[in-house]
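>>> following is a predicted model, sequence given first.
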Amino acid sequence: MSNEIPIMPVETDNAHHRVIRTFVKRAGRTTTGQARALEILAPQFVLNFQNQMFDPMASWGQERAHLPMILEIGFGMGEATAKIAQSLPNINFLCCEVHQPGVGALLKRIEELDLKNIRIFSHDAVEILQQMIADNMLNGIHLFFPDPWHKKRHHKRRFMQAPIVALLCQKLKQGGYFHCATDWEPYAQQSLEVLRAQTQLKNSSTHENGYSDKPSYRPLTKFETRGLRLGHGVWDLIFTKK
Ligand SMILES: C[S@@+](CC[C@H](N)C(=O)[O-])C[C@H]1O[C@@H](n2cnc3c(N)ncnc32)[C@H](O)[C@@H]1O
């Protein structure tokens, strides 16, 4: 019997039956350092996307396989990812990013900081969740500054929509958390609505408005520091699975 899990499209473009992705692959220059990191370090730290459940023992080895595991979605250039992983060495981080220069950049940081607790998927996080992550497997999920897709006709590409949130929830362990941060207020509001509608999740916020204070483990990136200096807001949303 085949153990193939069908890919359930989160949303399809009905006319063409295409899966709507939360990203569009950007052309981006890969620096020499990133290219070198991709060539030399990828075999050790980048995992293959396959139609088979992620095996902690195979990826982390006996010493680390039992440790809590957090999935990060869309790490960009990996600035926050590397800082968090460095400050929490007893947590395993499984990190997804489709932008190749970003994967190279995180590999460089892994080498520079000698990080043992990061593995990377250079692939669509939605497909990773659907096909490779077992239900109730994750201790946490990080989604920092997801693409806001400002235009209304692009809202269908937003990560924070009910079917994807249901999928995230399914993969969290009981008591596990989902943490999203955004600097786009309308997106923060939409995210809050979608998360509140998911009955298996409980808001960790102690504020009436439903947003959480930035937890100390989430570092300020250069991008965020610049935004804050310009007077932009940032909204953190943290929900746990009941
Ligand atoms: C606006 S950037 C934010 C990057 C980073 N988290 C930060 O705070 O700087 C969003 C990133 O998410 C990635 N992304 C979007 N959808 C994704 C998906 N389904 N799987 C993996 N990466 C995704 C994009 O390639 C992009 O690099």
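That came through fine.

>>> so what's the residue nearest the centre of the chain up against?
For the chain, Ile73 is the residue whose C-alpha lies nearest the centre (Cα atoms, centre = their mean; 1.3 Å). The neighbours of Ile73, taking Cβ atoms under 8 Å, 6 or more residues apart in numbering as the test, are 96, 125, 141-143, 146, 159. C-beta coordinates here come from the backbone N, C-alpha and C atoms, glycine included.

>>> which bits of this protein sit near the ligand?
Residues of the chain lying near the ligand by Cβ under 6 Å from any ligand atom: 22-23, 73-76, 80, 96-99, 102, 124-126, 144-147, 221, 223.

>>> now intersect those residues with the helices, please.
Of the residues of the chain next to the ligand, the ones assigned to helices by DSSP state H are 80, 102, 125-126, 223.

>>> could you identify the most distant pair in those residues?
Spatial extent of these (Cβ to Cβ) is set by the pair Val126 and Phe223 at 23.7 Å.

>>> these two: which has the busier surroundings?
Using other Cβ atoms under 10 Å, the more surrounded residue of Val126 and Phe223 is Val126, with 24 against 14.

>>> correct me if wrong: the more buried one contacts Thr22.
Yes - the pair Val126 and Thr22 qualifies as a contact (Cβ atoms under 8 Å) at a distance of 6.6 Å.

>>> joint contacts of these two?
Ile164.

>>> just the C-alphas of the lengthiest strand in the chain, formatted as CSV.
When the chain is parsed with DSSP state E, its longest strand is strand 172-182. Only the C-alpha atoms of strand 172-182 are listed here, as CSV (Å, rounded to 0.1, in the frame of the first residue of the first chain):
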residue,chain,number,x,y,z
LEU,A,172,1.5,21.7,17.3
LYS,A,173,1.7,19.6,20.4
GLN,A,174,-0.8,20.3,23.2
GLY,A,175,0.6,23.4,25.0
GLY,A,176,2.8,24.2,22.0
TYR,A,177,2.8,27.9,20.8
PHE,A,178,2.4,29.8,17.5
HIS,A,179,4.1,33.2,17.4
CYS,A,180,3.6,35.6,14.6
ALA,A,181,5.0,39.2,14.3
THR,A,182,4.1,41.8,11.7
